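**Q** just to be clear, the model below is a prediction. Sequence and coordinates:
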Amino acid sequence: MAYVKHDVMKVSTAYFFFKEGAGDAAAPPVAKLGDIAAIEALDYRHIGHTSIEQAVEVETEGGEIETSGTLQVPDMFSDQTPTTKHYIVKVVQWDTANLKLAYGANAVTRADGSIGQNIFPTAVTGAFLMVVVTPSAPVYLHAPLAEVRATKDLGSLGGRGSFGELPLRITPKLMAGQSAKTFTLPLDKATGA
């Protein structure tokens, strides 16, 4: 394999989108990835400003390798347990739409517009799209179906001059007719190389 400089992932910026509803089997066309308005025209909502410190954190559950065999061949077979990934996006834009993503599909809204979390919150479902802009081309991570919830530690406020964080936990789910929970566009496909 050759060293290909324009296929190295160097992040310039990233944008996060969510399309509420039953999910979306297809990601936006590659030609539209660098155009926020074009993606929003496909009913994906741009969630706005996020933390500069760590664009996205990934938590993984499962994925352990289990080996079995015989006394003579102890490592005859190996299997991997199912894996669930959670993407944590720290939103710093505390608007109505993002608070409703964090507080759940059954968030409570009062007459003055304030929003509260139901004591038994339910996840918001839909499609998740993360567009990463690199010097070569934009690429994406697309979850056709995902659940969004606030993390266990909902929001944090630092000292004066800091941004308040509203951490969203996006958990990709298996959509009917799909055999994977997430899809990533490789840089060589984005650049046409």
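**A** Thanks, I have it.
**Q** any idea whether the residue sitting furthest away from the middle of the chain is helix, strand or coil?
**A** In the chain, the greatest distance from the average C-alpha position (C-alpha atoms, centre = their mean) is reached by residue 72, at 44.8 Å. State at residue 72, reduced to three classes by DSSP: H, G, I helix; E, B strand; the rest coil: coil.
**Q** what is residue 89 paired to in the beta sheet?
**A** Beta-bridge partners for residue 89, by DSSP bridges, are residue 168.
**Q** identify the residue nearest residue 30 in space, chain neighbours excluded?
**A** Excluding its sequence neighbours, the residue lying closest to residue 30 (C-beta to C-beta, 6 or more residues apart in numbering) is residue 190, at 6.1 Å. Placement of C-beta: from N, CA and C, glycine included.
**Q** which helix or strand in the chain has the lowest average pLDDT?
**A** Lowest on mean pLDDT, DSSP states H and E among the helices and strands of the chain sits helix 187-191, with a mean of 80.
**Q** for it, which positions count as buried?
**A** The neighbour-count check on helix 187-191 (16 or more other C-beta atoms under 10 Å) flags 187, 190 as buried.
**Q** double-check residue 96 against residue 114; I have them as touching.
**A** No. With contacts counted by C-beta atoms under 8 Å, residue 96 stays clear of residue 114, the gap being 9.8 Å.
**Q** alpha carbons only: can I get the helix or strand encompassing residue 58 in CSV?
**A** Residue 58 belongs to strand 57-62 when assigned by DSSP states H and E. What follows is strand 57-62 as a C-alpha-only set of coordinates in CSV (Å, rounded to 0.1, in the frame of the first residue of the first chain):
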residue,chain,number,x,y,z
GLU,A,57,-16.0,10.9,22.0
VAL,A,58,-16.7,7.2,21.3
GLU,A,59,-17.7,4.7,23.9
THR,A,60,-17.8,1.0,23.1
GLU,A,61,-19.7,-1.7,24.9
GLY,A,62,-19.1,-5.4,24.0
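**Q** what lines up beside it in the sheet?
**A** In the sheet, strand 57-62 lines up against strand 83-91 (antiparallel) (DSSP bridges).
**Q** pull out the buried positions in the strand it pairs with.
**A** Applying 16+ other C-beta under 10 Å to strand 83-91 flags 85, 86, 87, 89, 90, 91 as buried.
**Q** how about the contacts made by the third one?
**A** Taking C-beta atoms under 8 Å, 6 or more residues apart in numbering as the definition of contact, the neighbours of residue 87 are 56, 57, 58, 128, 130, 141, 143, 169, 170, 171, 172.
**Q** same deal with the fourth one?
**A** The contact partners of residue 89, taken as C-beta under 8 Å, 6+ apart, are 16, 47, 50, 55, 56, 130, 167, 168, 170.
**Q** and what of the first one?
**A** For residue 85, the set of contacting residues under the criterion of C-beta under 8 Å, 6+ apart consists of 58, 59, 60, 61, 171, 172, 181, 182.
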